[in-house]
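Participant: Below are the sequence and a predicted model for it; my questions follow.
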Amino acid sequence: MPKGYWVAKAHIYDLDKLKSYGNLAEKVIEKFGGIFLVRGGKQKTTEGDDFSRNVVVEFPSYEIALKAYQSQEYQDALNILGDGAKRNYAIVEGYLS
C-alpha cells in the first residue's frame, strides 16, 4: 500500500499563530502515525514561487493522510493558524515501483 504525504509550502505572517498551530498539528500527526520528512530547513527555489517554509509529512497510507487532515483536531489547529500563514497544501499518494 502506498504511503500518503502532506506537502505544504507557506508564507508565514504570524509566528505566534504558527507556533500554536504547530503544537496542535504535531499531536494530530503523531496520533495518525505521521512523521516529518521536511520541516523548514535550508532551501533554494529553482522554479515557481518562492515560499518561506516547506513541510512534508509521511503517513502510513493516503487514506490515513486524508483522515488526519479532515480530523476535527487538525481543523481546530487550522482555525488557530487562521491568517497567520498563506499556504499551498496537497495530500499526495506515494509511488510504488
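Facilitator: That came in fine, so what should we check first?
Participant: When you work out contacts or count neighbours from here on, use the C-alpha atoms and nothing else.
Facilitator: Noted.
Participant: Isn't residue 12 up against residue 84?
Facilitator: Yes: at 6.2 Å, residue 12 counts as touching residue 84 under the criterion of Cα atoms under 8 Å.
Participant: Which single helix of the protein contains the most residues?
Facilitator: helix 15-31 (DSSP state H).
Participant: Please put the alpha-carbon coordinates of the next helix-or-strand element following that helix into CSV.
Facilitator: The first helix or strand that comes after helix 15-31 along the chain, using DSSP states H and E, is strand 35-39. Extracted in CSV, the C-alpha atoms of strand 35-39 (Å, rounded to 0.1, in the frame of the first residue of the first chain):
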residue,chain,number,x,y,z
ILE,A,35,6.4,11.6,10.6
PHE,A,36,8.1,14.8,9.4
LEU,A,37,10.4,14.3,6.5
VAL,A,38,10.8,18.0,5.8
ARG,A,39,10.1,20.8,8.3
